[in-house]
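In: okay, here's the prediction I keep looking at, along with the sequence it came from:
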Amino acid sequence: MKEINLTTKISVYLLDECTETEKKLIEEAKRATKNAYARYSNFKVGAALLLENGKIITGNNQENAAYPSGLCAERTAIFFANANYPDEKIVAIAIAAYNNGKFTKDVITPCGACRQVLLEVENRHKTPMRILMYSKEGVYAVNSIKDLLPLSFGDNMLK
C-alpha cells in the first residue's frame, strides 16, 4: 500500500490585514446576505465576485421548499457572471454567512457542488481564483479552488 499526503496552505487574516480590494469584496459579500432567500434555514449566504475588468458581481443563496431546487450564493453569482460577462475572468470570490442575527463565527467554505463549479471557472479561464471566506474570527484565504479540492474531477478526465 502507498499513502499520499496532501497539504493545503490556508492563510488566515484579520479583516484589517486584507487589501482594500479584498475588504471591499468581503463587504459586498456581507451585504449580499441581506437579499438571500433563506426562508427555511434562515442561513443567509452572500458571495461577491471580482472580475478582471474590476466589476463586482454579487449573489446569494435562494432556497426552495423542495430543498435540492435551491441554489448556493457562489453559483448564483458565478452563473450570472458567466451569462453576462462570459469572457471576463473571475479573479476572486468572497463568501460570508449570516445566521441567528449575526455573521458566523466559524468560517464558511463552498460546498462540494460550488467547489466543482469554481474549478470549472478556473479551468475555463485558465486562471486561478483567490477565495476569501469571511468569519467573525478572521478571513480564510486560498489562492485557487484546487487548494480546497485537491483530488478534483475536471475536463481533462473527459478526454
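Out: The structure has been received and is ready for your questions.
In: ok, I95 - contacts?
Out: Contacts for I95 (CB atoms under 8 Å, 6 or more residues apart in numbering) come out as 29, 45-47, 73-74, 108-110, 131-134. In short, each C-beta sits where N, CA and C put it, glycine included.
In: do R31 as well
Out: Contacts of R31 (CB under 8 Å, 6+ apart): 46, 58.
In: can you pull out the helices in this structure?
Out: Using DSSP state H, the helices found in the chain span residues 20-32, 73-84, 112-125.
In: what does the last one contact?
Out: In other words, helix 112-125. Contacts to helix 112-125, defined as CB under 8 Å, 6+ apart, come from residues 72, 74-75, 78, 82, 89-90, 93, 110, 128-129, 131, 144-146, 148-149, 152-155.
In: which among these end up buried?
Out: Buried members of the contacts of helix 112-125, counted by 16 or more other CB atoms under 10 Å: 72, 74-75, 78, 82, 89-90, 93, 110, 128-129, 131, 145-146, 148-149, 152.
In: the helices of the chain: which one's closest to Y67?
Out: Comparing those against Y67 with CB to CB, the closest turns out to be helix 112-125 (12.9 Å).
In: list the contacts of the closest residue to E63 other than its chain neighbours.
Out: Distance criterion CB to CB, 6 or more residues apart in numbering; nearest residue to E63, sequence neighbours excluded, is G70 at 4.3 Å. By CB under 8 Å, 6+ apart, the contact set of G70 is 61-64.
In: confidence score at G70?
Out: G70 is assigned a predicted lDDT (pLDDT) of 96.
In: S152 too?
Out: 86.
In: count the neighbours of the nearest residue to it once chain neighbours are set aside for me.
Out: What sits nearest to S152 in space, not counting adjacent residues and going by CB to CB, 6+ apart, is L119, at 5.3 Å. L119 has 20 neighbouring residues, counting by other CB atoms under 10 Å.
In: what's the spacing between the residue nearest to E63 and L25?
Out: For G70, the distance to L25 (CB to CB, to the nearest Å) stands at 24 Å.
In: next one: T19
Out: Counting by CB to CB, the gap from T19 to L25 is 9 Å.
In: for D16, same thing?
Out: Per CB to CB, D16 is found 15 Å from L25.
In: before we move on, back to that, and T19 and L25? Which one has more around it.
Out: Neighbour count, other CB under 10 Å: between T19 and L25, L25 has more, with 27 against 9.
In: contact partners for the closest residue to that one other than its chain neighbours?
Out: Nearest residue to L25 in three dimensions, chain neighbours excluded: A94, at 4.2 Å (CB to CB, 6+ apart). A94 is in contact with 22, 25-26, 28-29, 47-48, 132-134, counting by CB under 8 Å, 6+ apart.
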